[in-house]
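>>> Give me a model of this one.
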Amino acid sequence: MTPESAILIVGPAAVFDSGTVLRVATNSAGADLLTRTGAFKAASLGYTPGKIRLLSLSRGLGLRPLSEQPAVISTTTDASLNAAFAVFDGVTGNGDVEVLFPGLGLIESVPVVASNQAPFSLA
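Predicted coordinates for the structure are as follows:
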């Protein structure tokens, strides 16, 4: 039996009243990518954002996670994924964003979806 390959899914992002929420999900083989890279920190109830950044080169934005993170609830039923969320200031307009992921570099073309289409919601 071959070992499972690590999978990292960055996105989507969705704009809510309190900011832009970014989902980062991994399978069990990739779960350590969240913390080993410094993008997130392990917490008692999941993960808190670390050095991950939300960028929009077309908008001239570079955002750090908010210091006060609202609770985000995953609404997907895919139990094989470990999800972490980071909330940033709101991004305006349409179009994809970029994510600066420590240790992995710039991840381009991260979709921004309407909040009612996101696989998560604010608690």
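>>> so what's residue 80 closest to, chain neighbours aside?
Residue nearest to residue 80 in three dimensions, not counting chain neighbours: residue 27, with 5.9 Å by CB to CB, 6 or more residues apart in numbering. Backbone N, C-alpha and C define where each C-beta goes, glycine included.
>>> That neighbour: what's it in contact with?
4, 6-7, 80-82 (CB atoms under 8 Å, 6 or more residues apart in numbering).
>>> And it, how close does it get to residue 90?
30 Å (CB to CB, to the nearest Å).
>>> follow-up on the earlier one: now the buried members of the contacts of residue 27.
81-82 (16 or more other CB atoms under 10 Å).
>>> any idea which of the contacts of residue 27 is least confident?
When the contacts of residue 27 are compared by pLDDT, residue 4 scores lowest at 79.
>>> The nearest residue to residue 111 once chain neighbours are set aside: neighbour count?
Excluding its sequence neighbours, the residue lying closest to residue 111 (CB to CB, 6+ apart) is residue 12, at 4.7 Å. Look at residue 12: counted by other CB atoms under 10 Å, it has 19 neighbours.
>>> rewinding a little: now, which of the contacts of residue 27 sits nearest residue 118?
residue 81 (14.5 Å; CB to CB).
>>> Hmm, that closest one is touching residue 9, no?
Yes. Using CB atoms under 8 Å, residue 81 is in contact with residue 9, at 7.2 Å.
>>> residues bridging contact with those two, i.e. touching both?
The contact sets of residue 81 and residue 9 overlap at 25-26 (CB under 8 Å, 6+ apart).
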